[in-house]
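**Student:** need the 3D shape of this:
(2 chains)
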Amino acid sequence: EAGVVQSPRYKIIEKKQPVAFWCNPISGHNTLYWYRQNLGQGPELLIRYENEEAVDDSQLPKDRFSAERLKGVDSTLKIQPAELGDSAVYLCASSGAGPSYNEQFFGPGTRLTVL
Amino acid sequence: QKEVEQDPGPLSVPEGAIVSLNCTYSNSAFQYFMWYRQYSRKGPELLMYTYSSGNKEDGRFTAQVDKSSKYISLFIRDSQPSDSATYLCAMLSGGSNYKLTFGKGTLLTVNP
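**Tutor:** Numbering: from 1, shown residues only, chains lettered A, B, ... in the order given. Okay, the predicted model is just below:
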């Protein structure tokens, strides 16, 4: 079974440029999460989706960040415009239903560097 | 005070040693307790998942939860160089405030 797929793996951009990250969750997982992990820190939740609905986006900086999961499968996270402080690893995770709902499986992440 | 406190280390041990990793927390709403392992330039991988106070064992790994003290531990027996990674504790609050909160992670190096 394929795990969570993310692309690109690495992205280097200049400040004020836009950037987008893509995530394909594990097949059958209805819940999808985007996290940001700063250097030397644990991941912090940005947004949680149940199917195509964003059920928790309270930690998403909405002035510059946006996310979508149009068909309830793949998801895209966008930053526009990027700032120096956005340099981090952006992780996507997914979880299944029932007893496995709390078990989040993470992708490898996209490492963003803003110059 | 942060909701989850974890000593970032780094921790360096010889192969075969017993490793003890710990976290404390302040939020009584946390119901589930996890340990993730994260290799360099990889995503976190779920190692252990517990709900109640007490011990849970899986091979060389034992997770311990003490809800009365708000303290969790992960023990690794007979540590191997392949165990070298960052270990993240994580705690889950349920209900309307469903959220996984991570510690900073402890960097472990097991020397052959």
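
**Student:** for the residue of chain B found nearest chain A, list each beta-bridge partner.
**Tutor:** Here the residue of chain B nearest chain A is B:Phe102; by CB to the nearest CB that distance is 2.8 Å. Bear in mind the C-beta positions are built from the backbone N, C-alpha and C, glycine included. Bridge pairing for B:Phe102 (DSSP bridges) gives the partners B:Ala90.

**Student:** got a list of what it touches?
**Tutor:** If you count contacts by CB atoms under 8 Å, 6 or more residues apart in numbering or on different chains, B:Phe102 has them with A:Gln41, A:Gly42, A:Pro43, A:Glu44, B:Val4, B:Tyr36, B:Leu88, B:Cys89, B:Ala90.

**Student:** that one and B:Ala29: what is the separation?
**Tutor:** 16 Å (CB to CB, to the nearest Å).

**Student:** repeat for A:Lys78
**Tutor:** 32 Å.

**Student:** that older thread, looking at the contacts of B:Phe102, which is nearest A:Val73?
**Tutor:** A:Pro43 (21.8 Å; CB to CB).

**Student:** residues in chain A within reach of chain B, list them.
**Tutor:** A:4, A:33, A:40-45, A:48, A:56, A:91, A:93, A:102-109, A:111 (CB under 8 Å from any CB of the partner chain).

**Student:** can we see that at 10 Å?
**Tutor:** A:3-4, A:6, A:9-10, A:31, A:33, A:35, A:37-38, A:40-45, A:48, A:55-56, A:58-59, A:89, A:91-93, A:95, A:100-109, A:111 (CB under 10 Å from any CB of the partner chain).

**Student:** just the ones in strands from those residues, please.
**Tutor:** Counting by DSSP state E, the residues of chain A next to chain B place A:6, A:10, A:31, A:33, A:35, A:37, A:44-45, A:48, A:55-56, A:89, A:91-93, A:95, A:105-106, A:111 in strands.

**Student:** just the buried residues out of these, in PyMOL syntax.
**Tutor:** Written as a PyMOL command, the selection of buried residues from those, which uses 16 or more other CB atoms under 10 Å in any protein chain shown, is:
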select buried, chain A and resi 6+31+33+35+37+44+45+48+56+89+91+92+93+95+105+106+111
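
**Student:** correct me, but B:Lys56 touches B:Ala63?
**Tutor:** Yes: contact criterion CB atoms under 10 Å: B:Lys56 and B:Ala63 qualify, at 4.8 Å.

**Student:** overlap in contacts, these two.
**Tutor:** B:Phe33, B:Met48, B:Tyr49, B:Thr50 (CB atoms under 10 Å, 6 or more residues apart in numbering or on different chains).

**Student:** and the pLDDT at the second one?
**Tutor:** The confidence metric pLDDT takes the value 93 at B:Met48.

**Student:** that one: how many residues sit nearby?
**Tutor:** Summarising burial for B:Met48: neighbours were counted as other CB atoms under 10 Å in any protein chain shown, giving 20.
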